[in-house]
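Novice: Sequence and predicted structure, then a few things I'm wondering about:
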Amino acid sequence: MHSILRAKAPFHWSFVPLLVALLSAGAPLIAAAAPPLAPAPIRIKAGVTAPHTDASGTAWLADQGFADGETIERPDLEIANTKTPSLYRAERYSMTKFTWKVPSGRYVVKLHFAETFEGIDGPGQRVFSFNVEGHEFKDFDVWVKAGGPRRAYIETVPVEIKDGQLDITFTSQVENPEINAIEIIPAT
């Protein structure tokens with residue numbers, strides 16, 4: 001039995017001063033686990049069938065996650081109040097909801113709007129409500145919020161998702177709800 005013990009590698013006492021120095025300095029004996037990585041932001045450009053990269057180099061997924069509605073592209077419109085006008089040249093309208101699976105946690109949801117329909121020529125002609133994870137926006141008028149037609153407006157909503165899914169509902173009041181893009185950004 002002694003021969004088995006002697007066959008093991010000898011303990012090097014030269015490591016003891018190093019170990020004492022590390023412990024004295026407060027170094028942990030076991031490396032801490034790295035925090036989990038936050039999910040990547042999700043960006044969806046409504047109204048398009050292919051992914052889109054905007055002028056700033058940000059990638060957007062094609063239209064998805066919506067229930068109901070129609071899409072339209074208006075590629076030649078000038079859009080004010082933004083550095084990324086291409087984002088607002090397509091839309092989904094007449095939708096009833098949007099859902100997207102995400103890990104539970106805190107997020108910032110950005111909803112992008114611009115009134116681009118030529119049939120709307122003043123305030124009060126498109127009014128709808130929407131609800132983002134319990135945050136209610138009643139009597140929302142894109143024209144009023146953006147300050148006129150073909151002007152970008154972003155509604156930013158901090159949310160806490162507890163069931164693994166972002167839920168947004170849209171309710172028509174006057175004309176149909178419309179949206180140009182949605183961003184789901186993990187909160188830091």
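Specialist: Ah, there it is.
Novice: Where does pLDDT dip in the chain?
Specialist: Applying pLDDT under 70 to the chain flags the ranges 1-37.
Novice: Quick one: the helices in it, in order.
Specialist: Under the criterion DSSP state H, helices of the chain are mapped to 2-7, 16-24, 142-146.
Novice: how far does the last one sit from the chain's center?
Specialist: If you compare the mean C-alpha spot of helix 142-146 with that of the full chain, they lie 22 Å apart, counting by C-alpha atoms, centre = their mean, to the nearest Å.
Novice: Tell me who's in contact with Gly105.
Specialist: Glu160, Ile161, Pro186, Ala187 (C-beta atoms under 8 Å, 6 or more residues apart in numbering). Glycine gets a C-beta too; all of them are placed from N, C-alpha and C.
Novice: Most neighbours among the residues you listed, which one?
Specialist: Ile161 (19 neighbours; other C-beta atoms under 10 Å).
Novice: How many neighbouring residues does the residue nearest to that one when sequence neighbours are not counted have?
Specialist: Spatial nearest neighbour of Ile161, chain neighbours left out: Ser104 (5.3 Å); criterion: C-beta to C-beta, 6 or more residues apart in numbering. Applying other C-beta under 10 Å, we find 11 residues neighbouring Ser104.
Novice: My guess is Ser104 contacts Lys162. True?
Specialist: Yes. Applying C-beta atoms under 8 Å as the test, Ser104 and Lys162 come out as touching, 5.4 Å apart.
Novice: What separation is there between the closest residue to Lys145 other than its chain neighbours and Ala38?
Specialist: The shortest distance from Lys145 to any residue other than its chain neighbours is 4.7 Å, reached at Tyr153 (C-beta to C-beta, 6+ apart). Computed as C-beta to C-beta, to the nearest Å, the Tyr153 to Ala38 distance reads 27 Å.
Novice: Tell me which of those two has more neighbours.
Specialist: Between Tyr153 and Ala38, counting by other C-beta under 10 Å, Tyr153 is the more crowded of the two (20 against 14).
Novice: For that one, name its beta-bridge partners.
Specialist: Phe113 (DSSP bridges).
Novice: Help me confirm that it comes into contact with Ala146.
Specialist: Yes. At 3.8 Å, Tyr153 counts as touching Ala146 under the criterion of C-beta under 8 Å.
Novice: anything in contact with each of these two?
Specialist: Common neighbours of Tyr153 and Ala146 (C-beta under 8 Å, 6+ apart) are Asn81, Phe113, Ala114.
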